[in-house]
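generate coordinates for the sequence data below:
(2 chains)
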Protein chains: 2
Amino acid sequence: MISRREFSKLGALGLAAHTFSPLPLVGQTPTKKIGYCVIGLGRIADHHMRGIAQGSTSTVTGLVSGHREKAEKIAAQYGVPKESIYSYEEMDRIRDNKAIDAVIVCLPNSMHAEYTVRSAKAGKHVLCEKPMAISVAECEQMIAACKSANVKLMIAYRMHYEPYTLKTIELIKSGALGKVHAIDSANGFNIAQGEWRTQRSLAGGGPLMDVGIYCLNATRYLTGEEPVAFTAVATSNKEDERFKDIEENLSWTMRFPSGTVASCSTTYGAQMPSYAKVFGANGWLEFDNFNYEGQHITAAYRKDRNSPVTKIDDASTLHDPSQFIDQVNHFTSCILQNQTPGTPGEEGLKDMRSIESIYKAAGLTLG
Amino acid sequence: MISRREFSKLGALGLAAHTFSPLPLVGQTPTKKIGYCVIGLGRIADHHMRGIAQGSTSTVTGLVSGHREKAEKIAAQYGVPKESIYSYEEMDRIRDNKAIDAVIVCLPNSMHAEYTVRSAKAGKHVLCEKPMAISVAECEQMIAACKSANVKLMIAYRMHYEPYTLKTIELIKSGALGKVHAIDSANGFNIAQGEWRTQRSLAGGGPLMDVGIYCLNATRYLTGEEPVAFTAVATSNKEDERFKDIEENLSWTMRFPSGTVASCSTTYGAQMPSYAKVFGANGWLEFDNFNYEGQHITAAYRKDRNSPVTKIDDASTLHDPSQFIDQVNHFTSCILQNQTPGTPGEEGLKDMRSIESIYKAAGLTLG
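The predicted structure follows:
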């Protein structure tokens, strides 16, 4: 067994391979906190704001909401001045608020493009929730708008900033598992009636947009490759009110240039604990889960047929909301040091291209 | 947590739903042991013979092998008379051996059809290893030959006689997980060079024929349905000697009439611990594994959103070769009581139809 301490060393090595440096940088103290205006005050906004509050690099300096009363309560909690609360209509006025450096777009998927573009035009950097938008064309517009306004765009792919994910990527890159031949991944849940995520006009699609995207993204960061071929099957119980508009169950396969195959599942109809299993010539690794309550890695691998087996069984203690600290720290660092985020708009666009291919293979339409 | 004792009760209830009765039947003592002639003396034959020896309903009474010396050693071990050892050429003479009631076909896949038909013509019942054969046409010939000779035909789908599999089927049938929406399953390993299973002429196909078939069969016994649509992707490293002839990695999806989707993976290139995960509206179940060294079930489910969660974490102590006892007991019981086996030729034929569809979807050919 590898001890937690030894395994952590693997993870530390891993960070070197990434384009960003974790904050705080050795010998540097950030001179300025970055102020974030949170657009949309639903559940995911709550995670972001609590992460910001627990970290030391960023602050909540503005809110955009359609519910003034709710917004005032949250403003009081995070020390946001009342004059920095905006309705959706007056949101463009954030341009004149010097305390707001960046926004976090926490709206339903179909509104991501509009509010990213408006924020960019207001001169603010944009951290946008996943999925980036509801079409490839929207993703391209968002990238162009941020480029043209000279603001940074990052998609909130939380797992890219989660230490156990980084350790997993590094372990695979190190060749410990040998050549990776297959990846299995799933993520889904039994959705409550009336959620906006079941409305196509707001969500753009079904569980693939919301939770299946974690599987898709994982196959890409675990292989370091883009999938080139897709097959898919989708089913929906049309008598269930929740699935009149969107798919209920979706399973798909992908082929990667190196020959790795992936098989993934997502659902809004069943309880489906999330995982990614990686199968290599010399061993396997299972990553549980994509949730907020801590990750768990198990693995077994050996150098060759005659070598002893190395086993890993290691669970993260980084739970919500601490899980959200590294993500916002990273974007703040990118803004302060003028660096490209680890998960820029292009990362969201790549997923959206694959999502389009998966829906096409399943005979469904995106958007 | 459900205790092992309580969970075992669930399993006991489950047996009622099956068409066969486990031996020994209450109040009955079998009057006669059934004598088996084992055809082909490789690894799987060893498992069968040790299972027979550990049970009390059957005996090894004949051997068919191309290696006389090896056969004599095994004959001495199991008390088989020297005159009941046959070469492949003289094997049809088993007809005249009254001590042989049935055969177990343990040969490479492409020889299953020929030796099943010859055994039937010799008037012997046939227990044939999976995959049943290497084409749908062969399966149909085998069924016809056994019917015409009035002998029983059973395919050695070991899991159908494994208590934890039966408990799992029963738990799903009881509705504990709610409607099943998705199943994920995988089974594969990194095959050694030179194995007959990498030769198309002997194996008929790659890992789907040998280990992926467990996933396919599991989706069928877990849903009680036949898949109606298939997608698949296969890759092979053609520079690897092992994969000049057969596929290396294969991932596929299936759709079932009730709307359940399945996604499965198999490989001969990677270490892929086997599992089947079942995702239902009210909970999930994970079945680990299809191996010889004992099964493990974990599950969590609840009646509805407001009910407490029931958790299961239960591991089987039924290891090889004890795992093989129930299977041969079942066939012996069917012979003695003139009943149709739980996994007749038709079960193997159904899998072969799906295998043909999966290979077609992947752009590969079966046989």
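
domain map for chain A?
A:32-157, A:159-319+A:343-361 (automatic domain parsing).

B:A137 is nearest to which of those?
Closest approach to B:A137 among these (C-beta to C-beta): domain A:159-319+A:343-361, 26.8 Å. Backbone N, C-alpha and C define where each C-beta goes, glycine included.

next, the distance between the ends of the closest one.
27 Å (C-alpha to C-alpha, to the nearest Å).

average pLDDT for that domain, rounded please.
The average pLDDT within domain A:159-319+A:343-361 is 97.

pull the distance from it to the chain's centre.
12 Å (C-alpha atoms, centre = their mean, to the nearest Å).

nearest to chain B, of the domains of chain A?
Closest of the domains of chain A to chain B is domain A:159-319+A:343-361, at 3.4 Å (criterion: C-beta to the nearest C-beta).

before we move on, the earlier item: can I get the domains of chain A in a markdown table including mean neighbour count?
Formatted as a markdown table, these follow (neighbours: other C-beta atoms under 10 Å in any protein chain shown):
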| stretch | mean neighbour count |
| --- | --- |
| domain A:32-157 | 20 |
| domain A:159-319+A:343-361 | 21 |
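
now render those domains as CSV, adding distance to B:I358.
Shown next, in CSV, are the domains of chain A (distance: least, C-beta to C-beta, whole Å):
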stretch, distance to B:I358
domain A:32-157, 31
domain A:159-319+A:343-361, 11
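
nearest to B:S354, of those?
Nearest to B:S354 among the domains of chain A is domain A:159-319+A:343-361; the distance by C-beta to C-beta comes to 13.9 Å.

looks to me like A:T266 is in a strand.
Yes: remark: A:T266 belongs to a strand, assigned using DSSP: H, G, I helix; E, B strand; the rest coil.

tell me the spacing between it and A:A137.
As judged by C-beta to C-beta, to the nearest Å, A:T266 and A:A137 stand 23 Å apart.

what do you get for A:T260?
Taking C-beta to C-beta, one finds A:T260 at 29 Å from A:A137.

please apply the same query to A:A300.
From A:A300 across to A:A137, the span is 44 Å (C-beta to C-beta).

do the same with A:I335
A:I335 sits at a distance of 27 Å from A:A137 (criterion: C-beta to C-beta).

please apply the same query to A:S316.
37 Å.

about what we covered before: can you say which of the domains of chain A is nearest to B:A218?
Among the domains of chain A, the nearest to B:A218 by C-beta to C-beta is domain A:159-319+A:343-361 (14.2 Å).

please list the residues outside the helix or strand harbouring A:Y359 that contact it.
In this structure, A:Y359 sits in helix A:345-361 according to DSSP states H and E. Outside of helix A:345-361, the residues within contact range by C-beta atoms under 8 Å, 6 or more residues apart in numbering or on different chains are A:128, A:130-133, A:135-136, A:139-140, A:142-143, A:146, A:153-155, A:157, A:205, A:208-209, A:213, A:216-217, A:220, A:226-227, A:230-232, A:250, A:252, A:254, A:365-366, B:231.

what are the ranges of the strands in chain A?
For chain A, the strands defined by DSSP state E occupy A:34-39, A:58-64, A:85-86, A:102-105, A:125-128, A:153-155, A:180-188, A:229-235, A:249-255, A:261-267, A:272-280, A:283-288, A:296-301, A:310-315.

alpha carbons of the second one, as CSV, please.
Listed in CSV are the C-alpha atoms of strand A:58-64, where the atom choice follows Å, rounded to 0.1, in the frame of the first residue of the first chain:
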residue,chain,number,x,y,z
SER,A,58,-11.2,36.8,-3.6
THR,A,59,-14.3,38.5,-2.3
VAL,A,60,-17.9,38.8,-3.3
THR,A,61,-18.5,42.4,-4.4
GLY,A,62,-21.7,42.2,-6.4
LEU,A,63,-24.9,40.2,-7.0
VAL,A,64,-27.2,40.0,-10.0
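
rebuild the strands of chain A as TSV, extending it with distance to chain B.
Formatted as TSV, the strands of chain A follow (distance: least, C-beta to the nearest C-beta, whole Å):
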stretch	distance to chain B
strand A:34-39	29
strand A:58-64	31
strand A:85-86	34
strand A:102-105	30
strand A:125-128	29
strand A:153-155	26
strand A:180-188	4
strand A:229-235	3
strand A:249-255	4
strand A:261-267	4
strand A:272-280	4
strand A:283-288	5
strand A:296-301	8
strand A:310-315	12
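
just give the nearest non-adjacent residue to A:L202, would you?
Leaving aside its sequence neighbours, A:L202 sits nearest to A:P108 (C-beta to C-beta, 6 or more residues apart in numbering or on different chains; 3.9 Å).

err, A:S119, not the other one
Nearest residue to A:S119 in three dimensions, chain neighbours excluded: A:V103, at 4.4 Å (C-beta to C-beta, 6+ apart).

okay but that neighbour is in contact with A:N97, surely?
No: checked against C-beta atoms under 8 Å, the pair A:V103 and A:N97 is beyond contact range at 10.7 Å.

picking that back up, do you know the pLDDT at the residue nearest to A:S119?
On pLDDT, A:V103 comes in at 98.

residues in contact with A:Y86?
Here A:Y86 is in contact with A:C37, A:G62, A:L63, A:V64, A:S65, A:R93, A:I94 (C-beta under 8 Å, 6+ apart).

ok, it to A:L63 distance?
With distances taken as C-beta to C-beta, A:Y86 is found 7 Å from A:L63.

which residues do these two both contact?
A:C37.

check contacts around A:P131.
A:P131 neighbours (C-beta under 8 Å, 6+ apart): A:N109, A:H112, A:G204, A:M209, A:D210, A:I213, A:G348, A:D351, A:M352, A:I355.
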